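[1] need a structure here:
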Amino acid sequence: QSQPYVYEPLASERSIRTVEVRGSDKPDAELCCTLKEQDLGGGPSYEAISYAWEGQTPSHRISCDGLDLLVTGNCAEILRHFRPKSPEQSRRLWIDAICINQSPGLEKNHQVKLMGDVYRIAKRVLVWLAPSKNDLD
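    Reported below is the predicted structural model:
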């Protein structure tokens, strides 16, 4: 059993986290990722994901830097959908449920205020409405 993931404080007022999701050729393989800190507007490009939490509580375990991080079912489904299909590849994303420490506190309040810039600076914004039904996109 792994230890729970603990967020490190961000280095500056303009720092954000992005999540690098490792690919897998197995659809049901464990979700593995790494959190990276970067200056907003500096550092590697990323894709931001916009989606609805739909009142879900974090109950799905993913591996983040080798530690357990709980995310909502919707968030886990999004990561499975957007992760690369090859184990040799990864994809850098910004998704609020992972990249913002969801514990109540000053960081969360501050990061929410930066979200407009996060989306504006992203290489691309991906919108997740819901999973496809009956094999339709």
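[2] Please enumerate the strands of this structure.
    15-22, 32-39, 47-50, 60-64, 67-71, 90-94, 124-127 (DSSP state E).
[3] Give me the buried positions along the first one.
    Right, strand 15-22. Ser15, Ile16, Arg17, Thr18, Val19, Val21, Arg22 (16 or more other C-beta atoms under 10 Å). Bear in mind the C-beta positions are built from the backbone N, C-alpha and C, glycine included.
[4] partners of the closest residue to the last one other than its chain neighbours in the sheet?
    Distance criterion C-beta to C-beta, 6 or more residues apart in numbering; nearest residue to Arg22, sequence neighbours excluded, is Cys32 at 4.6 Å. Per DSSP bridges, the residues bridged to Cys32 are Ser63.
[5] and the gap between Cys32 and Val118?
    23 Å (C-beta to C-beta, to the nearest Å).
[6] Then Ser2?
    Distance from Ser2 to Val118, by C-beta to C-beta: 28 Å.
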